[in-house]
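Visitor: Quick one, structure for this:
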Amino acid sequence: MFSKKLQQWPDMTSPEKFKRGQAVYDRIVAGECEDVTAELDAAYGLDSKPENG
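Guide: Now for the predicted structure:
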């Protein structure tokens, strides 16, 4: 029951990460973003791959 890792959310409020997220948002609004999840993951340094897959 307690063996699963707790997910730690990264700080997305730092000025540099906010700028990266805003750039992705701008691309989404402009219709230039094909894979939103991949771009946001790259902007924030996340890995959205499932642990079991």
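Visitor: Give the burial count for Val24, as a bare number.
Guide: Each residue near Val24 was counted by other Cβ atoms under 10 Å, and the total is 19. (Each C-beta comes from the backbone N, C-alpha and C, glycine too.)
Visitor: Quick check: pLDDT value at it.
Guide: For Val24, the model assigns a pLDDT of 94.
Visitor: Off-centre distance for the helix or strand hosting it?
Guide: Assessed by DSSP states H and E, Val24 sits inside helix 15-29. Centroid displacement of helix 15-29 relative to its chain, using Cα atoms, centre = their mean, to the nearest Å, is 11 Å.
Visitor: helix, strand or coil for Glu32?
Guide: coil (DSSP: H, G, I helix; E, B strand; the rest coil).
Visitor: quick revisit: mind saving the C-alpha coords of the helix holding Val24 as CSV?
Guide: Output of helix 15-29 as CSV, limited to C-alpha atoms (Å, rounded to 0.1, in the frame of the first residue of the first chain):
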residue,chain,number,x,y,z
PRO,A,15,10.3,33.0,-14.1
GLU,A,16,12.1,30.8,-16.6
LYS,A,17,9.6,28.0,-16.5
PHE,A,18,6.7,30.5,-16.7
LYS,A,19,8.3,31.9,-19.9
ARG,A,20,8.6,28.4,-21.3
GLY,A,21,5.0,27.5,-20.5
GLN,A,22,3.8,30.8,-21.9
ALA,A,23,5.7,30.0,-25.2
VAL,A,24,3.9,26.6,-25.4
TYR,A,25,0.6,28.3,-24.7
ASP,A,26,1.2,30.8,-27.4
ARG,A,27,1.9,28.0,-29.8
ILE,A,28,-1.3,26.2,-28.8
VAL,A,29,-3.4,29.3,-29.3
